[in-house]
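J.: I'll drop the sequence and a predicted model, then ask my questions.
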Amino acid sequence: MSTNKAKTILLKTAKYLGITFVVILGLLFLTPIVFADKIKEQIKKTANEKLSAELNYSDVSISFFHHFPSLTLTLSDLHLNGSAPYKDEKFLTAKEVSFGINVASLVFSKEVKIDQIYLSDAFINVKVNAKGEANYNVYKSSSQEQNPKDSTETALKLERIEILNSKIIYDDLSTKVHFDAFGFNYLGKGDLNKAVFDLYSKAKIEKLNIVYENEPYLMNKKIDADLITKVNVNSLSFFFQQNNLKINQLLVDFKGKFNFLKDGYNMDFVIKSDNSDLHDVFTAFPPKYITWLSKTELKGNTNLFFTLKGDYIASKNIAPDLNLDVKIDSGFVNYNKSSFPVSNLNLEIKTTVPSLNPELAIVDAKNLSLNINKDYLKSKFYVKGVNTPDINGEFKAKIDLEKLITALGIPNIVLKGILAGDIKTNGKFDLKNKLFPVTNGIVDLENGYLKTPYYPNPITNITIKSKIE
């Protein structure tokens, strides 16, 4: 092939590519302009028909370049109020909300199909009052729509939801649960148009705070999650099939289901963490332990198993059952570089709280044991109830209490003395009816010392030589 002929072919190829590029670029600019009125009209129509709450925004724009290559309609400075009884309060605000539009529907159909939603710098403020009435019921059901068979309405057939740099506040007065999620980033994919569909999600939270009955349980925790959730739109139920969560450094597996009831919720949650490092477990603990953890060397193998199953209906005082199993093998604890660390820490405890009622709580500690050098402590106990508990337990120890308190870093208490004991106890403890468990054993304490925040001076020279029957 001659050089001139090769140049001619190259020039023609470049020419056709250039023309194609210009045409595509022209379409990218012209398509939003040509169909702008149709899109805006259908969006406004959909908002009026589909939403039961007040919606406001400052500006509307249409472009291929905002979330390229999707054609997106963007609402700026969006404000969406909540449903009754929160109609006058904001449910959702966002710097931008963009709707990805199926381009084929613009050309070949009378309807505008929305298949993607993007939220940027959003604030989602979820509220539930003491009666269980929530502000998020802003989407009208089919029975509420005035023209459900209107062929020109906008079709909401979502395949992708993306939330960037947003904040969520959930405040539920009926369950007394409050949580904040800051730096919330979420990507969800699935055919959300189906009545039952799988939602594949990735979520990251820079700071998660969870408060129950005004007591903080998680504060400033970092969350990284991969989720697969089966959603049933007709029954408003969610099945969590395969969910890997990372809470700070603790990896957990989360499965279960969650159903919305008329006056409450039905839940069946299973959370477990197998063969986790003891240190990683404590990174997910409430904030008051974080200072302690920063000064403590922790080792050991941990298994956690948590379930929450049943209905929660506040108006009928119905609550789910809670179970928590904790097992620690070969634990090691050394606070602030103590010369006498705790070793061979073994723990196996099963806790059950039926209907979330503390009076029905059962704590079954099959093993609690540890060593400090040759000193030891061994115990097992079964406790049912709180105010008048049934107790069955055994306790054996020969240990230096000062070394134990120092190694564990227990705050606000100074305790000293050599404790030796061998006790068995079984029965009900009820002060009002003068009942005490049947107890047998010995307890000896030499050179005892106790200092607490409740009295300015310590109790010293405590000596106990006892035989209990």
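T.: Thanks, I have the structure now.
J.: switch to C-alpha atoms for all contacts and neighbour counts from now on
T.: Noted.
J.: Same question for the helix or strand residue 91 falls within: list its buried residues.
T.: Using DSSP states H and E, residue 91 sits within strand 90-101. Neighbour-count burial for strand 90-101, counted by 16 or more other Cα atoms under 10 Å, picks out 90, 91, 92, 93, 94, 95, 96, 97, 98, 99, 100, 101.
J.: which one of those sits closest to residue 362?
T.: residue 91 (40.6 Å; Cα to Cα).
J.: I figured the closest one hits residue 80, correct?
T.: Yes: when contacts are counted by Cα atoms under 8 Å, residue 91 is listed as touching residue 80 (5.7 Å).
J.: now residue 59: how far from residue 126?
T.: Distance, residue 59 to residue 126, by Cα to Cα, to the nearest Å: 25 Å.
J.: now swap in residue 212 and tell me
T.: In terms of Cα to Cα, residue 212 sits 16 Å off from residue 126.
J.: between these two, who's got more neighbours?
T.: Counted by other Cα atoms under 10 Å, residue 212 and residue 126 do not tie: residue 126 has more neighbours, with 19 against 14.
J.: Chain neighbours aside, what residue packs nearest to residue 384?
T.: Excluding its sequence neighbours, the residue lying closest to residue 384 (Cα to Cα, 6 or more residues apart in numbering) is residue 362, at 4.4 Å.
J.: Could you double-check that the one you found lies in contact with residue 349?
T.: No: at 10.3 Å, residue 362 and residue 349 do not qualify as touching, with contact defined as Cα under 8 Å.
J.: ok, residue 163 - how many residues close by?
T.: Using other Cα under 10 Å: residue 163 sits among 19 other residues.
J.: In the sheet, which residues pair with it? Tell me.
T.: Residues in a beta bridge with residue 163, per DSSP bridges, are residue 119, residue 186.
J.: Just list the residues touching it, thanks.
T.: 118, 119, 120, 122, 184, 185, 186, 187 (Cα atoms under 8 Å, 6 or more residues apart in numbering).
J.: repeat that for 7 Å
T.: Neighbouring residues of residue 163 by Cα atoms under 7 Å, 6 or more residues apart in numbering: 118, 119, 120, 185, 186, 187.
J.: same check, this time on residue 416
T.: 401, 402, 448, 449, 450.
J.: Which of the three states applies to it?
T.: Secondary structure state of residue 416, per DSSP: H, G, I helix; E, B strand; the rest coil, is strand.
J.: For it, which non-adjacent residue is closest in space?
T.: residue 402 (4.4 Å).
J.: What of residue 296?
T.: Closest to residue 296 by Cα to Cα, 6+ apart is residue 335, at 4.3 Å.
J.: still on that earlier bit, just to be sure, the residue nearest to residue 416 is in a helix?
T.: Yes: counting by three-state DSSP, residue 402 is located in a helix.
J.: Just give me the neighbour total for it.
T.: Neighbourhood size, residue 402 [other Cα under 10 Å]: 16.
J.: That one against residue 419, yeah?
T.: No: counting by Cα atoms under 7 Å, residue 402 does not reach residue 419; the two are 10.2 Å apart.
J.: Next up, phi/psi of residue 137, please.
T.: As for residue 137, its main-chain torsions (degrees, to the nearest 10) stand at phi -80, psi 60.
J.: That one reaches residue 85, doesn't it?
T.: No: using Cα under 7 Å, residue 137 is not in contact with residue 85; the gap is 10.3 Å.
J.: In the stretch 151-300 of the chain, where is pLDDT below threshold?
T.: Along the stretch 151-300 of the chain, the parts satisfying pLDDT under 70 run over 151-158, 192-195, 232-237, 241-243, 286-288.
J.: Can you show me the helices along it?
T.: Assigned by DSSP state H, counting those that start in this stretch, the stretch 151-300 of the chain shows helices spanning 278-282, 290-294.
J.: Out of those helices, which one sits most buried?
T.: Highest mean neighbour count among the helices of the stretch 151-300 of the chain (mean count of other Cα atoms under 10 Å): helix 278-282, with a mean of 20.
J.: Now stretch 344-364: buried residues?
T.: 344-356, 361-364.
J.: Need the residues that contact it.
T.: By Cα under 7 Å, 6+ apart, stretch 344-364 touches 318-332, 365-371, 381-386.
J.: From these, which land in helices?
T.: Using DSSP state H, no member of these falls within helices.
J.: rewinding a little: of all the helices of the stretch 151-300 of the chain, which one is nearest residue 263?
T.: Per Cα to Cα, nearest to residue 263 of these: helix 278-282, 35.3 Å.
J.: Could you export the closest one as PDB, keeping only the C-alpha atoms?
T.: What follows is helix 278-282, C-alpha atoms only, in PDB (Å, rounded to 0.1, in the frame of the first residue of the first chain):
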ATOM      1  CA  LEU A 278     -10.900  -9.000  71.800                       C
ATOM      2  CA  HIS A 279      -9.300  -5.500  71.000                       C
ATOM      3  CA  ASP A 280     -11.500  -5.200  67.900                       C
ATOM      4  CA  VAL A 281     -14.600  -5.900  69.900                       C
ATOM      5  CA  PHE A 282     -13.900  -3.100  72.300                       C
END
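J.: Would you pull up how far that helix lies from the middle of the chain?
T.: 18 Å (Cα atoms, centre = their mean, to the nearest Å).
J.: Counting by contacts, list what that helix packs against.
T.: Judged by 3 or more Cα pairs under 7 Å, 6 or more residues apart in numbering; DSSP states H and E, the packing partners of helix 278-282 are strand 296-312.
J.: strands paired with the strand it packs on, and their directions?
T.: Strand 296-312 is paired, per DSSP bridges, with strand 265-277 (antiparallel), strand 321-335 (antiparallel).
J.: what's in contact with that strand?
T.: By Cα under 7 Å, 6+ apart, strand 296-312 touches 264-279, 318-336.
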